[in-house]
Structure formats: C-alpha cells, structure tokens
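Undergrad: Mind folding the following:
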Amino acid sequence: DYLNRLSRELEAEDTLVVPVSKSGETVGVIEALMFFMEKGYEIFPVTSDNDGALKSIVEREGLDWVEHPDIGGRFTGAVETALVPAALAGMDVDEIRSGAEDMYEKLEPGKENAARDLAGKLFEAEENGYTDVLTPFYSTRMFGFYPLFVQLMHETVCKEGEGQTVYGDLGPEYQHHTNQRMFGGKENIVPLFFRTETHEHAQITVPEGLKDVKVRGRELGELERNSYSKALKSEYAGVKHALGNDGRPYATLTLEELSYGSAGELVAFMQYLAVYSAWFRGVNPFNQPDVEKSKQIGFEERFK
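TA: Below is the predicted model:
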C-alpha cells in the first residue's frame, strides 16, 4: 500500500529514488527498488563497493552511486549515507556535519561529558529495575529522531541479556495513556524527555463570550495571552514534577535551538550515548550478532 501510494503521489520524472544498504543485501530495500525501477524512476543508490546485490545492480544498470563508508548503518547520520539524501532534500549538510563534529569533540572518550553521564544514569536505573526507557518528544520537529534513537539503543546496547527497551511517543498526547502505565503499572519505566526551547510563540486568545467557562476550577480567560509553547512546557513540567514527587528517576534532553547544526549535534549525542551505554554493560557497541537470524528466515519464507 505504501509503495503504491508513493507512486501515485510522486511523478517519475520529478523523483529520484535513493536506496541505501551498506551490505547491498537488505532484501526489503532491493524489493522496493524493483518496484520503482519497473515504473521508470531514476535510481541513485548508496552501497558498499562489494559483491552485494545492490552493487551488482549498479554495475549492470550503469547507475551513478555513492559509496557507503565502512561504518555500521546506525552510525551514519553525519556521513554520506545520510547527508546525500539530506542535500537532495535541500538541507544545509555543511551545518549538519559541522554540528556533529563539534559534538563528537565534546563527547570523545577520555573526558567527562554529558553523553557518558547520561549513559551511566540509565545503566544505574537498569540495575535498579528500570528496564524500560520511555522517550516522550515534546516537539513534532524533533520526533523524526525517535526511530533512529530506538535503533541506536537497541542495536548497540541490547546484547548478552543486557540493555533496556526503548519506546516513545509525542508529548503531551502520550500522557493520556502511558502515564497510567508509568505511574499505575509496574515500576520499571525511566523517562527520557526530548524537548526544545524553540517554538513559535503564538498566543492563546479566548473569545469574550467564553472567558468565564470553567476548566479544572479556573476560568478560560485566565489562560489568555499565555503562549502555546508555555502550555506545552507546562505539560512536560507536570509529568516531571509528578515523577520527582514519587522519587522516580528521569532525564531530560533539551535543544536550546532547532537548526541544521543542532540536528547534527543531536545525532552525534545519541550515537555516543548508545556507545557509552554499551561500554557500561561490557558489550561490543559495533556489532549486531542477533539481527541476521530472523532476516535469513524471513528471506527463506519468501520461497515457500
């Protein structure tokens, strides 16, 4: 359904398809590529210079391509693998890369830094029974980083029986369901809030005839001239203070601004957080020994 919808929305003559696979053997990527090739879309692959299927397609079809660096896919947020599609989308990749490099320097091993400190606190929480990390994102513009964070933490840290389960949602909407789980269910969740100080500062305006309407014992008119950004921050603060009152652990990651540079900084921070988290648990951050088993079984299922 998704591929068909994309093909209906995106004209072939106006679209460049960029399949990315380090190994060149990711079957789902190859299958999606076949779909778009059959419909006449232009293809610009990113893959390794190896004997993988995607590189073979590049050679047989005479396609232009970008070489995937010798880095695990989850750690490529600030190199060609991610920056080429970002550049094609019109983003300032120089700023993204510069922000990442600045953060890499701050977080390098051998010095105290925020990523190592947070990794240590999450490890301590796990040792105390907090096996789940809830990641509420109080910014729609930051929420796109959520899948990357889950991949980094699961694929880098969760080995040999170690590591926490990471899941999340948009704030404050998640509060209507997952706060019940967090405060009323098993006490094993440590929240890691993602938020920013950069929001559009639209003001709340209440029509004159509605100002005396009661909400939670106050009048709607009392909310007038507050900003919607303050309302969002207040929702976050409510959960934070409730956790503090219960003596429960939590952490907050705040971007002072949202920019291409800060996006690069956030990618680098999440990468180092995952690596330090693996080191705290004594596991190798750079492999993923348990991923291939299900991939191979899934591939064989296609032929039954």
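
Undergrad: CA only for contacts and neighbour counts going forward, please
TA: OK.

Undergrad: which SS class is D117?
TA: At D117 the chain is in helix, as set by DSSP: H, G, I helix; E, B strand; the rest coil.

Undergrad: mind starting the numbering at 246 from now?
TA: Got it, first residue is 246 now, which makes that one D362.

Undergrad: And it, how far from A496?
TA: For D362, the distance to A496 equals 11 Å [Cα to Cα, to the nearest Å].

Undergrad: And S301, by the same measure?
TA: Counting by Cα to Cα - S301 and A496 are separated by 46 Å.

Undergrad: what's the answer for N249, then?
TA: Distance from N249 to A496, by Cα to Cα: 41 Å.

Undergrad: looking only at pLDDT, what's the mean for stretch 302-316?
TA: Model confidence over stretch 302-316, given as mean pLDDT, is 96.

Undergrad: Give me the buried positions along it.
TA: 303, 310-314 (16 or more other Cα atoms under 10 Å).

Undergrad: So which of those sit within strands?
TA: Cross-referencing the buried residues of stretch 302-316 against strands under DSSP state E gives 311-312.

Undergrad: between the buried residues of stretch 302-316, which is closest to P354?
TA: Taking Cα to Cα as the measure, P354 lies nearest P314 of the buried residues of stretch 302-316, at 22.1 Å.

Undergrad: ok, now which ones touch the residue nearest to the closest one when sequence neighbours are not counted?
TA: Leaving aside its sequence neighbours, P314 sits nearest to S293 (Cα to Cα, 6 or more residues apart in numbering; 7.0 Å). By Cα atoms under 8 Å, 6 or more residues apart in numbering, the contact set of S293 is 266-269, 300, 312-315.

Undergrad: Point out the ones among those that are inside helices.
TA: Secondary structure defined by DSSP state H assigns K300 of those to helices.

Undergrad: Out of the contacts of S293, give me the two with the largest separation.
TA: Pairwise distances across those peak at 14.7 Å for K300 and D315 (criterion: Cα to Cα).
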